[in-house]
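Enquirer: Predicted coordinates and the sequence they were generated for:
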Amino acid sequence: MKKTFLASLFAFTALSTVPASAHFLLVYTPETALEKGGEITLKMPFTHPAESGHVMEMVEPEEFFVIKKGKKTDLKDKLSVIDWTSAENTNTAYEATVRLKGLGDNVFVVQPAPYFEGSEDIYIQQITKSYVNVGELPTDWDQPQGLKTEIVPLIAPYAAVAGSTFSGVVLSEGEPVPYAEIEVEYMNFEPNLETNSFAKDGAWESTPAFSIRADAAGAFTFGLPKAGHWGFAALGTGPDTEFEGKELSQDAVIWIQANELK
Ligand SMILES: [Cu+2]
């Protein structure tokens, strides 16, 4: 009896003790479902979007590309350095302006260089995907992109609905990751593409950082209480576990947009 109580107490503690500040690499554009193509700009700060928190210094990403109709196009020459400002600080980030041609899904992938997090004495590398659809033609969103680690959506990331759910499967080298630890955050402070900063006021007064687990098959489902952009980060699911003699957390990040039903 006592043991059961303690076990449940521990389970509760484990669920409710969530890192107050989760790191997320953004690959942000305001509208992820477009009627037609044209130029869009993606902003890529490495920061804490739920609280307009610390912006971490970014160096040039190792890879930046888009996949469309299964074809990979390198976009590294589109990257340029910007300064990103949060309520806490300003630091180096990246942006890219790209032209979307034709109908279908554009799957943007950033593989940043490992970032050294001094407070934890580890490197963090968040391999991040975001999706922009043109003309309501689904082409690529349900496919894995062959990344070292990634979250494969089971619901189109640009067509999720507020009040409904989002589901995905966590993969490491193409294989599901049972019971993967996933952090979920809401983009509470709207990014301003003109000023390269977060909005002053948040959509919510306080934003919980949600910590969930995938199931035995590496799949998870999360309810989306509010319209907007949601980030999911599977922690340490990549095959690389060491960088320059230190522990590396190679994470899989996906961004989705929950829409209000009209
Ligand atoms: Cu941080």
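Expert: Looks like it arrived, so ask away.

Enquirer: lowest confidence element among the helices and strands of this protein?
Expert: One helix or strand of the chain scores below all others by mean pLDDT, DSSP states H and E: helix 2-16, with a mean of 41.

Enquirer: What's the local residue count around the closest residue in space to S164 that isn't next to it in sequence?
Expert: Among residues not flanking S164 along the chain, L224 sits closest, at 6.3 Å (C-beta to C-beta, 6 or more residues apart in numbering). For glycine as for every other residue, the C-beta is placed from the backbone atoms N, C-alpha and C. The number of residues packed near L224 is 21, by other C-beta atoms under 10 Å.

Enquirer: do F222 as well
Expert: That count, for F222 with other C-beta under 10 Å as the rule, works out to 17.

Enquirer: Return the set of buried residues in the helix or strand where V81 lies.
Expert: V81 belongs to strand 79-85 when assigned by DSSP states H and E. Using 16 or more other C-beta atoms under 10 Å as the test for burial, strand 79-85 gives 79, 84-85.

Enquirer: Y131 reaches V109, doesn't it?
Expert: No - judged on C-beta atoms under 8 Å, Y131 makes no contact with V109 at a distance of 10.3 Å.

Enquirer: give me every residue that touches the closest residue to P114 other than its chain neighbours.
Expert: Leaving aside its sequence neighbours, P114 sits nearest to Y123 (C-beta to C-beta, 6+ apart; 3.9 Å). By C-beta atoms under 8 Å, 6 or more residues apart in numbering, Y123 lies in contact with 114-117, 243-244, 246-249.

Enquirer: The ion: which of these is nearest?
Expert: Distance to the ion across these (C-beta to the ion) is lowest for E117, with 6.4 Å.

Enquirer: Tell me, what's the model's pLDDT at that closest one?
Expert: The model reports E117 with a pLDDT of 94.

Enquirer: you'd agree it is up against E57?
Expert: No - here E117 lies out of contact with E57, judged by C-beta under 8 Å, at a distance of 11.2 Å.

Enquirer: When the two are compared, which one has more neighbours?
Expert: E117 (14 against 11).

Enquirer: In contact with the more buried one, which residues?
Expert: 23, 56, 123-124.

Enquirer: what do you get if the cut-off is 7 Å, keeping everything else the same?
Expert: I124 (C-beta atoms under 7 Å, 6 or more residues apart in numbering).

Enquirer: Quickly list what G223 is bridged to.
Expert: Listed beta-bridge partners, G223: T165 (assigned using DSSP bridges).

Enquirer: how many other residues sit next to it?
Expert: G223: 11 neighbours (other C-beta under 10 Å).
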